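K.L.:
Got a predicted structure here, sequence first:
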Amino acid sequence: MGELSLKRIGFFLLLLGLASGQAQTAAGAAAKKPNILFCIADDASLVHMGAYGSTWVKTPAFDRVAKEGVLFLNAYTPNAKCSPSRACLLTGRNPWQLEEAANHWSNFPAKFGTFMEELGRNGYKTGFTGKGWGPGNPGQLNGKRRDLSGPAYNALKTKPPTGGISNLDYAANLEKFLDEKKAEQPFVFWFGAHEPHRQYQSGSGVAKGKKRLADIDKVPPYWPDNATVRNDMLDYAFEVEYFDAQLAKMLQMLEKRGELENTIIVVTSDNGMSFPRVKGHVYEAANHLPLAIMWKNGIKRPGRKIQDFVSFIDLAPTFMDLTQVTPGKSTMQPIQGRSLKPVLLSDKDGWVNKNNNYVLLGRERTDVGRPNDWGYPVRGIVKENFIYTINYEPDRWPAGNPETGFMDVDNSPTKTAALQTKDNPAQQYIWDLNFAKKPMEELYQFDKDPFSVKNIAPEASFAQVKKDLKAQLEKELKAQQDPRMFGKGDLFDQYKSANDKARGYYERFMKGEELPRSGGH
């Protein structure tokens, strides 16, 4: 064999070896489990993220996740209150499928496992900083308090810029978590900011955030447009921006450690802002939430904006699907949600699957302050341009009883300003929208009424729309075994609050006892 032929064979073998090495490297990368960084703000609204068009609240880190990942235009929580909302996303089940966990400040039923617990049982290092599931009693597992969101990493503190902001050093606690992780071990970390949950330091938006009242482009028509409300909104904006700044630190940390490419970054909020007619209620502004997901190793066409309707119950099955972990039948109840993997890995903008055109919503006890600790039960459906809701107990006060201070609305300057409109004929509609009793049915059309203030349910021209939405809502609720569909809705009122100070609040208050608020954290 000639020298030239030998050189050709050697060159061929070299190429073969390189190709084999590259294939092994690619296979190793493919086999490596993705990490997850789940970031959830406490009471932040969709419209106040830059990626959705906000000009007066600056969120560059969230906007980066959206630009380098996927932005969801129609993401909803089934329940717009802290602990039931978080229970839904942790379990992949709707609130009416979660027994006591449908209520705020609940005792979490032992039968419902969470994706954090399940991933921890399947080789993932898990942990959280800030606020995990709560408030409530998570119960015990094997004699120890359950870590529904993973073990806590809250030891490291910082000096907050205002009194209303937590002193937890979220980023430093993530770094401690990563330092403890084994080199090749995949991780899932829950960053649960306490911001922008109330209380705010009054004037911080102007003084610390360097904002002006005139920066706000629009005050919702269900609040008075005055200096008090605008200042309150700016204080809220300052805390949204603080949350975003902590997210930016975490992204930089992962990038520096070489972990960013293989980490699924999810950024959202548990419910809308803690203002009247938003947090805890069942309206567009309450349930419609920001959601951006970035995964450099998985999302092939970043920057897409997705129209498909998605629910918080879709997150748990998505994480299971992307990590290739099958939920254990003995540890997680059947999941109601569907995986978003096809949406994330698609190359389509807009609608990926036009059948994903609706979500279901609901509410039970979101705070105390009514007789017998009753809640305010609601079920609803958002489909295309409409939101339809059924208020099952229209004789109850939706914002809580007046005697106890409308406790289903967090105390705030905006709440006070809205309460003061009651005796003003020109503005009493504001009081009505926020505090008055409601009819059994409500129907709003987003494209013509973006703030959901004109109830068109009584109008004959929308009778068929209402009929169709109600039929679909009740059909799905029956299939999901919602007790309210079978005459057993009083079960939710019978579940006791996990907060000792809250139980029997109305009766104790009416006896003249001095009681703190129930603690709607």
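P.N.:
Nice, I can see it.
K.L.:
going forward, measure contacts and count neighbours with C-alpha atoms only.
P.N.:
Noted.
K.L.:
Let's verify Leu119: helix, strand, or coil?
P.N.:
helix (DSSP: H, G, I helix; E, B strand; the rest coil).
K.L.:
could you measure it against Gly113, distance?
P.N.:
To Gly113, Leu119 is 11 Å away according to C-alpha to C-alpha, to the nearest Å.
K.L.:
same deal with Ile265?
P.N.:
Distance from Ile265 to Gly113, by C-alpha to C-alpha: 22 Å.
K.L.:
Comparing those two, which residue is more hemmed in?
P.N.:
Shown here are Ile265 and Gly113; by other C-alpha atoms under 10 Å, Gly113 has more neighbours (24 against 21).
K.L.:
from memory that one sits against Pro334, does it?
P.N.:
No: using C-alpha atoms under 8 Å, Gly113 is not in contact with Pro334, being 9.9 Å away.
K.L.:
Name the residues contacting each of these two.
P.N.:
Between them, Gly113 and Pro334 share no contacting residue under C-alpha atoms under 8 Å, 6 or more residues apart in numbering.
K.L.:
How far away from the center of its chain is the helix or strand hosting Ala471?
P.N.:
Per DSSP states H and E, Ala471 falls inside helix 463-479. Distance of helix 463-479 from the chain centroid (C-alpha atoms, centre = their mean, to the nearest Å) equals 25 Å.
K.L.:
Check stretch 456-471 too.
P.N.:
Computed by C-alpha atoms, centre = their mean, the chain-centroid distance of stretch 456-471 equals 29 Å.
K.L.:
Give me the buried positions along that stretch.
P.N.:
Buried residues in stretch 456-471, counting neighbours by 16 or more other C-alpha atoms under 10 Å, are found at 456-457, 466, 469-470.
K.L.:
Kindly report the same for stretch 55-67.
P.N.:
56-67.
K.L.:
Only alpha carbons, please: show stretch 213-233 as PDB.
P.N.:
Extracted C-alpha coordinates of stretch 213-233, given in PDB (Å, rounded to 0.1, in the frame of the first residue of the first chain):
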ATOM      1  CA  LEU A 213     -46.800  60.800  39.500                       C
ATOM      2  CA  ALA A 214     -47.100  61.800  35.800                       C
ATOM      3  CA  ASP A 215     -45.000  58.700  34.800                       C
ATOM      4  CA  ILE A 216     -48.100  56.500  35.200                       C
ATOM      5  CA  ASP A 217     -49.800  56.300  31.900                       C
ATOM      6  CA  LYS A 218     -53.100  55.000  33.100                       C
ATOM      7  CA  VAL A 219     -54.900  54.600  36.500                       C
ATOM      8  CA  PRO A 220     -57.500  51.800  36.200                       C
ATOM      9  CA  PRO A 221     -61.000  53.400  36.200                       C
ATOM     10  CA  TYR A 222     -62.100  51.400  39.200                       C
ATOM     11  CA  TRP A 223     -59.800  53.500  41.400                       C
ATOM     12  CA  PRO A 224     -59.800  57.300  41.900                       C
ATOM     13  CA  ASP A 225     -57.100  59.000  39.800                       C
ATOM     14  CA  ASN A 226     -55.500  61.200  42.400                       C
ATOM     15  CA  ALA A 227     -52.100  61.800  44.100                       C
ATOM     16  CA  THR A 228     -52.700  59.200  46.800                       C
ATOM     17  CA  VAL A 229     -53.400  56.400  44.400                       C
ATOM     18  CA  ARG A 230     -50.600  57.300  42.100                       C
ATOM     19  CA  ASN A 231     -48.100  57.400  44.900                       C
ATOM     20  CA  ASP A 232     -49.300  54.000  46.000                       C
ATOM     21  CA  MET A 233     -48.800  52.700  42.500                       C
END
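K.L.:
just for this protein, where's the confidence low?
P.N.:
Flagging of the chain using pLDDT under 70 yields the residue ranges 1-31, 517-521.
K.L.:
Could you chop it up by domain?
P.N.:
If you go by automatic domain parsing, the domain ranges for the chain are 34-352, 361-510.
K.L.:
of all those domains, which gets the most neighbours per residue?
P.N.:
Ranked by mean neighbour count, these are led by domain 34-352 with a mean of 21 (mean count of other C-alpha atoms under 10 Å).
K.L.:
Which element, helix or strand, includes the spatially closest residue to Ala75 that is not a sequence neighbour?
P.N.:
Leaving aside its sequence neighbours, Ala75 sits nearest to Val310 (C-alpha to C-alpha, 6 or more residues apart in numbering; 4.8 Å). Assessed by DSSP H and E, Val310 sits inside strand 304-311.
K.L.:
immediately after that strand, which helix or strand?
P.N.:
Moving toward the C-terminus from strand 304-311, the next helix or strand (DSSP H and E) is helix 315-323.
K.L.:
I'd like the next helix or strand past that next one.
P.N.:
Next helix or strand after helix 315-323 toward the C-terminus (DSSP H and E): helix 341-344.
K.L.:
now for the helix or strand following that next one, which elements pack on it?
P.N.:
Using DSSP H and E, the helix or strand that directly follows helix 341-344 along the chain is strand 358-363. Counting contacts by 3 or more C-alpha pairs under 8 Å, 6 or more residues apart in numbering; DSSP states H and E, strand 358-363 packs against strand 304-311, strand 378-383.
K.L.:
Specify the angle between strand 358-363 and strand 304-311 in degrees.
P.N.:
Angle of strand 358-363 versus strand 304-311, following axes from the mean of the first three to the mean of the last three C-alpha atoms, to 10 degrees, is 50 degrees.
K.L.:
any idea of the angle strand 358-363 forms with strand 378-383?
P.N.:
Going by the same axes, to 10 degrees, strand 358-363 makes 160 degrees with strand 378-383.
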